[in-house]
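Chemist: please work out how this folds:
(chains A, B, C and D)
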Protein chains: 2
Amino acid sequence: MNGRFAISMHILTLLTKANGDWVTSDFIAGSININPVLVRKEISNLRKKGLVVSREGKNGGTMLAKPASQIRVSDVFLATNQGTVLGNARNSPNPDCPVGRQINRHLDSLYQEAEEALVRNLGTSTLDDFVHRFD
Amino acid sequence: MNGRFAISMHILTLLTKANGDWVTSDFIAGSININPVLVRKEISNLRKKGLVVSREGKNGGTMLAKPASQIRVSDVFLATNQGTVLGNARNSPNPDCPVGRQINRHLDSLYQEAEEALVRNLGTSTLDDFVHRFD
DNA sequence: AAATCTGTAACTAATAATATTACAGTAATG
DNA sequence: CATTACTGTAATATTATTAGTTACAGATTT
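Modeler: As a prediction, the model looks like this:
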């Protein structure tokens, strides 16, 4: 797992607080304290997922594509999460062993169910709810 | 996240199927298809958590410390999982930004709630249930 | 005493995550 | 229409994490 979910939440929080203004990747990068290119990459992903819109050129930037109350935290999770949260399973168990032959299949279904529970939980709050936690 | 949970589940599945026999780390390593030292490292952790017991010397090995029906999958998760599942947050946001100053605290509580949901889900099945999925 | 295990430490290799550089493209503005 | 201030993205470099290996001491059975 990497820090992409945290970065995306940070970006979206700033955009929510900007309240309709275009926010630059440099400003965002300054708040997260990471390289602006990483911010733009992450914004590029959020844009593909329909969560934000960007404008190029001078006075350009990014803003939310829809009200923060219509973005669930789980949407952000699903937008940034590439694989499973429980492990990346780059193993290749022994196919000659009855356990090795089947385990990945069983683990996968276990992972899937658990991840669904996690996503359900994240689906109970919106970006707006999250931003309200801030002073 | 790494593959430690998968490795531990694999180890414990083999121990369950061994049904009270001592199982060697070499045999386990052969099924998982990884280095025996990694297996012993992982077993060392499971032993500390009270899930398995080991015996040194010839004819030694490892077995379950208690019946598979008394080990919940969440026990294994909690035994192998070091930090959070949602990200490793090795960022250090700008303390001069109102959002940067607070975000890690708010993300942490979000993570915690979500992870609790995940653990609750993993707590609904035992190692025995898992092993029963195999043919 | 020999054989067969575990238990670790120390080190190396591979992979993944993050950061950086560079530069083309777009739009506003004087 | 040149300048400025942005986005977008590719290519590369660096750092961190994970996995694998070697080496060897200690335990226990036979």
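Chemist: next, the buried residues of the lengthiest helix in chain A.
Modeler: Across chain A, the longest stretch assigned as helix under DSSP state H is helix A:98-122. Using 16 or more other C-beta atoms under 10 Å in any protein chain shown as the burial criterion, the residues of helix A:98-122 that qualify are A:99-100, A:102-103, A:106-107, A:110-111, A:114-115, A:117-119, A:121-122. All C-beta spots, glycine's among them, are computed from the backbone N, C-alpha and C.
Chemist: for chain A, what helix or strand is lowest in average pLDDT?
Modeler: Counting by mean pLDDT, DSSP states H and E, chain A has its least confident helix or strand at helix A:98-122, which shows a mean of 93.
Chemist: how far out from the middle of the chain is that helix?
Modeler: Counting by C-alpha atoms, centre = their mean, to the nearest Å, helix A:98-122 is centred 20 Å from the centre of its parent chain.
Chemist: how big is the angle separating it from helix B:98-122?
Modeler: Between helix A:98-122 and helix B:98-122, the angle comes out at 130 degrees (axes from the mean of the first three to the mean of the last three C-alpha atoms, to 10 degrees).
Chemist: so how far is the helix or strand following helix A:98-122 off the chain centroid?
Modeler: Following helix A:98-122 in sequence order, the next helix or strand is helix A:127-131 (DSSP states H and E). Remark: helix A:127-131 is offset 14 Å from the chain centroid, using C-alpha atoms, centre = their mean.
Chemist: packing partners for helix A:127-131?
Modeler: Helix A:127-131 sits against helix A:4-18, helix A:73-80, with contacts defined as 3 or more C-beta pairs under 8 Å, 6 or more residues apart in numbering or on different chains; DSSP states H and E.
Chemist: buried sites along that helix?
Modeler: Here helix A:127-131 shows A:127, A:130-131 as buried, counting by 16+ other C-beta under 10 Å.
Chemist: from residue A:28, how far off is the residue in chain A that DNA strand C sits nearest to?
Modeler: Closest to DNA strand C within chain A is residue A:57: 2.2 Å, counting by C-beta to the nearest atom of the strand. Residue A:57 is 17 Å from residue A:28, where distance means C-beta to C-beta, to the nearest Å.
Chemist: ok, residue A:91 - contacts?
Modeler: Going by C-beta atoms under 8 Å, 6 or more residues apart in numbering or on different chains, residue A:91 touches A:104, B:3, B:6-7, B:32-34.
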